[in-house]
Structures are given as C-alpha cells and as structure tokens.
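Undergrad: this one's structure only:
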Ligand code: DGJ
C-alpha cells in the first residue's frame, strides 16, 4: 500500500528512501561512507539494492580511493554533497580551508535522524509546515575525523508536493578556526546530461525573460554577485528534456530561498552525468568558523514533474502560497491599490495626495500607497534617504495625519520605504558617515546618488528600525512597499576584521532578513511588498516576509506580458505585483489600449499607477469596470491553477495566452493578447487546459454551453485580424486582448 509520506532507512542496504504519493528521492551510504545520489523522480516501490543504481567500475586512469579493489572513485560516483580534493575533480558543494592550509576534506556518514515536520532554519527564511503530518525531515550527519568538522545535510519531503527542501550546515568541533570558502545549499549528480537548461534572465525593466539552452559538457551557470538576487538572473532554473513542453514531459526545478549573491551551476562530466549545485555564490565569500561555531546555508527547493513545466510551476506556486508565504496572507485576496509613483513622482503635497486618494476611492480602489518623497529633504532622488521622518512642508499633519484622512475616506493607507539606503545629503549621513558600505580610503561608487547602509552591522539595522517604528507605531499603515534601488559595490565593512570581510554580503542579507523579521512580527497586519527598482530582488527568501513583489518598473502592457510570463515559471500570481499605468507608457513611450493594460494586470495583484484625477469620463467608467472585474475574479486568479498556453518567447511572440482554473475546475479565466494587428488572416483557435472534459461550461460571448472537451481539444475561435470587410471585428488594431470567463453549468 502506498503511504502518503515516509522516510525509510534500510540498515541492510544502507539506502534512504524519501517518498510521497507522487515522488521518490533515493540515496545510499556508499561502502566508503560517502553519501551517493541514486534517484529522483516518479515514485518507486519494492525492494531496493544499491546495485540497482550504481556499480563498482574498474576503469583506466581514474583515481581510486584505495589500492587493489578498484571500487570507488568519486570522479564517477553520483554523490549528494561532494568535496574537492580526494578523487573528484568536478566543482564541489563544499570547500573548507583548514588551519594547516590544507583544503582536503573527506566527509563520511556518521548518523542520521528522522523528524516529524520541518524544523526552522535559524535566522534564514525557509518553507514551513504547520501540521507535523505535512512533512518529514531527514538530518544526516557526516564527519571529517582529521578536521573535526561536522556536516549536517537536511532533507524535507512534503506530503503534498514532489519537492525536497534541502539545506546544509557545517559545525567546527575542532580546536582550530577554519575558513569556509564554499558551502552550497544543495548538490545533486543526475544520471545523464540530456537536459535543456531554462533560466530567467534580464535586466532592469525586462526582468525574468525565459532563456533555454542545451546542457553541454563542461560548466554553465547563473548567479549574482551584486548583493541581491538581482534582475540579471533569478535564483531558479529548470532542467527539462528536449521534448518537454508546458503540458508533458520531465522537468526538474531548483529554487533558492535566498536574496543575496547566489550561484546555480550545472556541470556535465565525461560520463555525461550532470552535477547541479546551488547556494551562496562562493566568489567573494569566505566565512571564518571558530571552534564550536556553525554556519547554516540557505534552503534550496528541488521539485520534479513528469507532466511538463506547467505542472512544475504549479508545484512551486502551491508550495510558495501554502508553505512559504506567512499564513495570514495565504488566502487573503490582494487589495487593489493606487500607487502614487507614476502619478506624481516627487511632486506632491497633502492636497494632491488627498485628491488622488479621493479619486481612487470613487473608482473602487482599496489601498492608497504613498511612494517615494514623503520624508527628509526628499524632493528628488539626490537627498533624504536615511531620514525616516516626515517632510512637514509636504505633509504638515505627518504620516499619522494623512493616513487618518485617507482612512476616513474608506481607503487603507500604504507607505514606501527604502530602509537599506542612504544619501550623503541626509541627517543620517552627517551623524553616521561610517555606516556606509565601502572602504573609507577608496572611492565609493554611487548609483542613483545613493549608497548602501552596512546592514551587516547590528547597530545600523537597529538605527533604521528605531526610526521606522516611530512612524509605524503611531500612524495607521496597512501596506508597506520596501524598495531597494541599488546594488553593492566596493563591498567592505568597517566593522569586520580583515579575515571576515568575505562575510559581508551574507551578513548584509541576514541584516535585511532581521529587519524584515522585526517589522513583520511587530506589525503582523501590514502587507509588505518587496521591490528593488522593480524586480531586482524577486526570490523566495523575500516572499517569506513580503507575500508580493513589485514585479518590474516596466508597466508597459507588451513588456509586462513577457515579464509576467517568465516570472510565473516559479512565482505564484498572488505574488506578482501588476498595475495599469498611463499612456504613453513612462518606460516604453508606447500607447496601448486601456483594455489591454487591464487585461494583462488582472493576472497578478492588480492596481493602478497613474494620475487618476486626469482620467476622462469614458476612462473612469472603464476603470470602474476593471476594478469590479478584478474584485470578482481575483480569488480565482490568485488562488487558482495557472496555465501558460502560448509563449511570448516562442514563435513570433505576437500572440500570447494564459489561463487560470479554480482547483475544482468549475471556473476559469482566460487571457489572450495580440501585440500587432495582422491583415487578413484566417481563424485562430486557442486550446484551453485544465477543465473537466465531460462538463458543460458557459463562456463569455457564447450564448450556448460548451463542453470542456470542446474547449480543450478544439479550443476557442477568434478572428484575429482585419479582413477587409468586417469593420466591427473587435480585434482590429495593435495591442488587442480578450478575456473569457468560463463557468461550469449546474446540472
Ligand atoms: C523604484 C521603484 O521600483 C518604483 O516603483 C518607485 O518606488 C521608485 N523606486 C521610487 O524611488
């Protein structure tokens, strides 16, 4: 009989089997004490033997661990957490310099524990289970007897997902200090190298575009060394088979619950095995570990699907929604916001803000967010960061006063902060010039005229925290947008000793997590939105504290389709911040239809970012309808199962489609987009997914019922072009979109 969830260790075979209904993860202790990786994928049952998964191989010109037998060479063995220096020449998961200067380490299995549930990771965000029955955890201790170092590998299997949550911890049990130069969160040696590698890459204003390449012999990697998970690469990859699509085939995901410098690397060796390692980027990282000290690596989430990339994404969406985001935000529909940034930028006073809020209220908006410019001498982006006290010239009644007035209108009030940053033109800089990251003897580069506070120092985090609570304790604030608008250069902490400077990036992120932890626990009612010039720090680490992020500063509907599509590869729609903005768009200077801007923004948290006072009467009516549609469908969109139907990254990219179905398949909402108009083409059909084949549905615009099997096998029909005679065709002109709502007919 299939058990829902189990971790079994077989003493005779020395095999660990972590298993749920949909997934098996199998490892074994090799004869020499190393931990071998055997299998990951569809559930396996029946008796297991090491011989089924690996063989002793006596091969020429390979280094073997001991003479004579020719049995184990780590250069060809598939392992769980390899080190460099014995017989394996590939990039390792761990690299430690001992006090002797030696880097040879050799971890052997010592003992293991099987724990109900999932323990917390100290000081780091991680997935969690609220019910002990929803997860089981295996901790395996390894020991290097010469160095007296303990390596603890932790594996959690969740009841409901084909996912393993992994992390690694190193403890120095010797009497000499050592230096950790690399401690990845996970490593896995896959049987073959016949995979394609999907990554989400981009830049400011075009974050998380989908890129797919073939794996090839040698190394390929993505990573970040700028102090944040970054807009350039996201800490996530998919390995997929060549023929894997959205709906069929094998796919394997690696996601890091981390917001700082990271590396995810694939290495295909001469035996066509693939080693994937993921964790803190080793470049620039060096952690001094004194006796009795431990170092904890962040969590990595390995997910598997044999039903395509769409299913893999839904696994991550559900895991993040139900086991990462804090419980109180899990099922709460995201409020519809008006953000002041693109409406007025720095140019506002209380009167302007109240006018905007009044107008927002009359449209049906729920939260007004006061963006940058409300504090210190912040009238442009050259001054003020670090001074978290209100600018009374703009807001004479303070944050408390404006928040109250806005709440009295029936709106909630939200506030923008950028706590990690400082301008040199600020009171804080005058008081604490030494709080900046950077070597005082060298130039400190600026970015947007700002500098980074040294959050690796407790007193700096305390200083910012104490300023913020002065505001938040007294004003009624329901929403915080936490921005971060530059990366770290000249990384140097004036507080760390020379041999600890390699710790600055990680300590910085720990400081960020610490401030998030303190603020979210002091103000559990505040909904946090993370932001980093848009999507420059979008990762599961921050999702743990802030259940949604500002996806990109690029609010152009055409660009947003690509950004939201790529982001959805791993992040749920309930986390993807989406706003309708003005035209010409402020980033692209493009004019798209109000309909298309709304139809794209529905598939996220939804809101507006424009001067609503300037809308024409016709636009106001349109916006009111959009807001009431969003209210009607947001639970479906944010809690349902997302399916990507047509990709902007394949083919011409001119037509794109996606849909969300409710988990019971009774409702669905479909979005279809066409970027440029096409002359005189034939009919277009859009095949749907995820419905009940045999049930009948009502579909927007159709006055007859349609079965799920018709919608999925034949599809919806469209006339997507101007054909010379039908001047009333609703889909003519550039930037078109359609939304269909589909609902099961009661029998
Ligand atoms: C960058 C953010 O992404 C914008 O939305 C806005 O908050 C500005 N910073 C404010 O400076």
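TA: Noted; the coordinates are in hand. Values in this document were obtained by computation on a predicted structure and should not be read as measured data. Numbering: from 1, shown residues only.

Undergrad: quick one: neighbours of residue 59, just the number.
TA: A total of 11 residues lie near residue 59 under the criterion other C-beta atoms under 10 Å. Where you see a C-beta, it was placed from the backbone N, CA and C, and this is true even at glycine.

Undergrad: from now on call the first residue 324
TA: Got it, the first residue is 324 from now on, which makes the last one we talked about residue 382.

Undergrad: wasn't it part of a strand?
TA: No. Using DSSP: H, G, I helix; E, B strand; the rest coil, the secondary structure at residue 382 is coil, not a strand.

Undergrad: how near is it to residue 400?
TA: According to C-beta to C-beta, to the nearest Å, residue 382 and residue 400 sit 12 Å apart.

Undergrad: now do residue 328
TA: Distance of residue 328 to residue 400, computed by C-beta to C-beta: 29 Å.

Undergrad: who has more neighbours, these two?
TA: A count of neighbours by other C-beta under 10 Å puts residue 400 above the other of residue 328 and residue 400, at 23 against 17.

Undergrad: quick one: that one is in a strand?
TA: No. Residue 400 is assigned coil when assessed by three-state DSSP, not a strand.

Undergrad: now do the contacts for it.
TA: Residues counted as contacts of residue 400 (C-beta atoms under 8 Å, 6 or more residues apart in numbering) are 353, 357, 359, 377, 411, 512.

Undergrad: is it possible to get CSV of those that adds distance to the ligand?
TA: CSV is the format used below for the contacts of residue 400 (distance: C-beta to the nearest ligand atom, whole Å):
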residue, distance to the ligand
353, 50
357, 47
359, 46
377, 50
411, 44
512, 40
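
Undergrad: ok, the residues you listed vs residue 893, which is closest?
TA: Of all these, residue 512 has the smallest distance to residue 893: 23.1 Å, by C-beta to C-beta.

Undergrad: show me what contacts the closest one?
TA: 360, 400-403, 405, 596-598.

Undergrad: and it, what pLDDT?
TA: According to the prediction, residue 512 has pLDDT 98.

Undergrad: any idea how far it is from residue 350?
TA: Using C-beta to C-beta, we find residue 512 at a distance of 11 Å from residue 350.

Undergrad: and what of residue 905?
TA: For residue 905, the distance to residue 350 - C-beta to C-beta - is 55 Å.

Undergrad: okay, those two: which has more neighbours?
TA: Per other C-beta under 10 Å, whichever of residue 905 and residue 350 has more neighbours is residue 350, with 26 against 19.

Undergrad: top of the contacts of residue 512 by neighbour count?
TA: The residue in these with the most neighbours, by other C-beta under 10 Å, is residue 405 (26 neighbours).

Undergrad: that residue: what's it in contact with?
TA: By C-beta under 8 Å, 6+ apart, residue 405 lies in contact with 397, 411, 413, 415-417, 510, 512, 598.

Undergrad: point to the residue nearest the middle of this structure.
TA: residue 862 (2.8 Å; C-alpha atoms, centre = their mean).

Undergrad: name the nearest residue to that residue, ignoring sequence neighbours.
TA: Of all residues not flanking residue 862 in the chain, residue 552 sits nearest, at 4.1 Å (C-beta to C-beta, 6 or more residues apart in numbering).

Undergrad: could you give the backbone dihedrals for that neighbour?
TA: Here is the backbone geometry of residue 552 (degrees, to the nearest 10): phi -60, psi -30.

Undergrad: do stretch 541-559 and the ligand meet?
TA: No. Shown here: stretch 541-559 not in contact with the ligand (C-beta under 6 Å from any ligand atom), separated by at least 10.7 Å.

Undergrad: which ones are touching the spatially closest residue to residue 1014 that is not a sequence neighbour?
TA: What sits nearest to residue 1014 in space, not counting adjacent residues and going by C-beta to C-beta, 6+ apart, is residue 1031, at 3.6 Å. Residues in contact with residue 1031 (C-beta under 8 Å, 6+ apart) are 988, 1014-1020.

Undergrad: out of those residues, which are buried?
TA: 988, 1014-1015, 1020 (16 or more other C-beta atoms under 10 Å).

Undergrad: of all those, which two lie farthest apart?
TA: Largest pairwise distance in the buried ones among the contacts of residue 1031, by C-beta to C-beta, is 9.6 Å, between 988 and 1020.

Undergrad: and for the two, which residues touch both?
TA: Residues touching both residue 988 and residue 1020 by C-beta under 8 Å, 6+ apart: 1014, 1031, 1067.

Undergrad: take these and keep only those in strands.
TA: Using DSSP state E, residue 1067 are the members of the shared contacts of residue 988 and residue 1020 that sit in strands.

Undergrad: format the shared contacts of residue 988 and residue 1020 as TSV; extra columns: pLDDT and distance to the ligand.
TA: As requested, those are exported to TSV (pLDDT from 0 to 100; distance: C-beta to the nearest ligand atom, whole Å):
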residue	pLDDT	distance to the ligand
1014	98	37
1031	98	40
1067	98	39
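
Undergrad: can you give me the helices for the stretch 524-673 of the chain?
TA: 631-646, 664-667, 673-686 (DSSP state H, counting those that start in this stretch).

Undergrad: please disregard the earlier target; I meant the chain.
TA: Using DSSP state H, the helices assigned to the chain run over residues 373-376, 631-646, 664-667, 673-686, 721-731, 750-754, 781-795, 827-845, 863-866, 880-890, 917-924, 940-962, 1031-1032.

Undergrad: now, of these, which is deepest in the fold?
TA: Burial of the helices of the chain is given as mean neighbour count (mean count of other C-beta atoms under 10 Å); helix 863-866 ranks first at a mean of 28.

Undergrad: average pLDDT for that helix?
TA: 98.

Undergrad: packing partners for it?
TA: Contacts defined by 3 or more C-beta pairs under 8 Å, 6 or more residues apart in numbering; DSSP states H and E place helix 863-866 against strand 574-580, helix 827-845.

Undergrad: partners of the longest strand along the chain in the sheet?
TA: Counting residues, the longest strand found in the chain (DSSP E) is strand 501-513. The sheet places strand 501-513 alongside strand 417-420 (antiparallel), strand 597-603 (antiparallel), strand 610-612 (antiparallel), with pairing taken from DSSP bridges.

Undergrad: in CSV, list those strands along with distance to the ligand and mean pLDDT.
TA: Output for the strands paired with strand 501-513, formatted as CSV (distance: least, C-beta to the nearest ligand atom, whole Å; pLDDT from 0 to 100):
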stretch, distance to the ligand, mean pLDDT
strand 417-420, 37, 98
strand 597-603, 26, 98
strand 610-612, 32, 98
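
Undergrad: residue 727: which of these is closest?
TA: Evaluated over these, closeness to residue 727 peaks at strand 597-603, with 44.2 Å, by C-beta to C-beta.

Undergrad: now that closest one against helix 827-845, angle please.
TA: Taking axes from the mean of the first three to the mean of the last three C-alpha atoms, to 10 degrees, strand 597-603 and helix 827-845 form an angle of 70 degrees between their directions.

Undergrad: return the residues in contact with the residue of the chain found nearest the ligand.
TA: The nearest approach of the chain to the ligand comes at residue 695, 3.5 Å away (C-beta to the nearest ligand atom). Residues in contact with residue 695, defined by C-beta under 8 Å, 6+ apart, are 664, 668-669, 701, 704, 739, 741, 806.
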